[in-house]
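Q: What follows is a protein structure lacking sequence information:
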């Protein structure tokens, strides 16, 4: 199989999704890219399974994830249990500095990262510090959703936390799509949780 080289940061997100690498393993059939045309625009559905035995494959997926962050023009909305890794934090800060509206919902976050993100103009909702987390029915609850919405047009979701270790050190799955039937419900969910998780 021809190996896919990491996408240039100047590529748009459709190119980034198309360039996501496939794993060269016997269960490769689990990873499919389905393409169809709708109103002259390609609709992408791409699934990738990450295995820590294939470190290079995880690195390629991480690089394409970073390229997706870099491709944002208007908005980045991230929901994750954990957020970490210098390269991911740096890419979020860069997006905010370009004028992109960056909103992050996370379960907990180290104070030094909170300060760095807020200083860059990134907006945060930290679940464990929210009023919702103090409700009796949420006493033992955590925020465990994991997805990224770019420019309200593209979605990446799966088991991956938005941390570098998730891409290279764990068994994970990640689905990418620009299909509005998937993007819209996640966008609505993000807005609902954003409102609910106010401090």
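A: That came in fine, so what should we check first? Values in this document were obtained by computation on a predicted structure and should not be read as measured data. Residues are numbered from 1 along each chain as shown.

Q: CA only for contacts and neighbour counts going forward, please
A: Will do.

Q: Nearest spatial neighbour of the most centrally placed residue in the chain, chain-adjacent residues omitted?
A: Residue closest to the average C-alpha location in the chain (CA atoms, centre = their mean): residue 148, at 3.5 Å. Using CA to CA, 6 or more residues apart in numbering and skipping the chain neighbours, the partner closest in space to residue 148 is residue 78 (4.5 Å).

Q: Which helix or strand lies directly C-terminal to the helix or strand harbouring the residue nearest to the centre of the chain?
A: Using DSSP states H and E, residue 148 sits in strand 147-150. The first helix or strand that comes after strand 147-150 along the chain, using DSSP H and E, is strand 154-158.

Q: average model confidence for the very next helix or strand once past that next one?
A: Next along the chain after strand 154-158, taking DSSP H and E as the criterion, comes strand 162-163. Averaging pLDDT along strand 162-163 gives 88.

Q: Direction included, what does the strand holding residue 148 pair against?
A: Sheet partners assigned to strand 147-150 using DSSP bridges are listed as strand 75-80 (antiparallel), strand 154-158 (antiparallel).

Q: Figure out which of the ones you listed is closest to residue 50.
A: strand 154-158 (10.9 Å; CA to CA).

Q: roughly how far is that closest one from the heart of the chain?
A: Its chain's average C-alpha position is 6 Å from that of strand 154-158, according to CA atoms, centre = their mean, to the nearest Å.

Q: Determine how far the helix or strand hosting residue 192 lies from the middle of the whole chain.
A: Per DSSP H and E, residue 192 falls inside helix 180-196. Distance, stretch centre to chain centre, for helix 180-196: 14 Å (CA atoms, centre = their mean).

Q: Please point out which parts of it sit buried.
A: 182, 183, 184, 186, 187, 190, 193, 194 (16 or more other CA atoms under 10 Å).

Q: Just the pLDDT at the closest residue to the second one other than its chain neighbours, thanks.
A: Once its chain neighbours are removed from consideration, residue 183 has its nearest residue in residue 155; the separation is 5.7 Å (CA to CA, 6+ apart). Predicted confidence (pLDDT) at residue 155: the value is 95.

Q: what pairs with residue 155 across the strands?
A: Under the criterion used (DSSP bridges), residue 155 bridges to residue 149, residue 177.

Q: residues touching it, list them.
A: 147, 148, 149, 176, 177, 178, 182, 183 (CA atoms under 8 Å, 6 or more residues apart in numbering).

Q: any idea how far residue 121 is from it?
A: Distance of residue 155 to residue 121, computed by CA to CA, to the nearest Å: 23 Å.

Q: try residue 87
A: Taking CA to CA, one finds residue 87 at 18 Å from residue 121.
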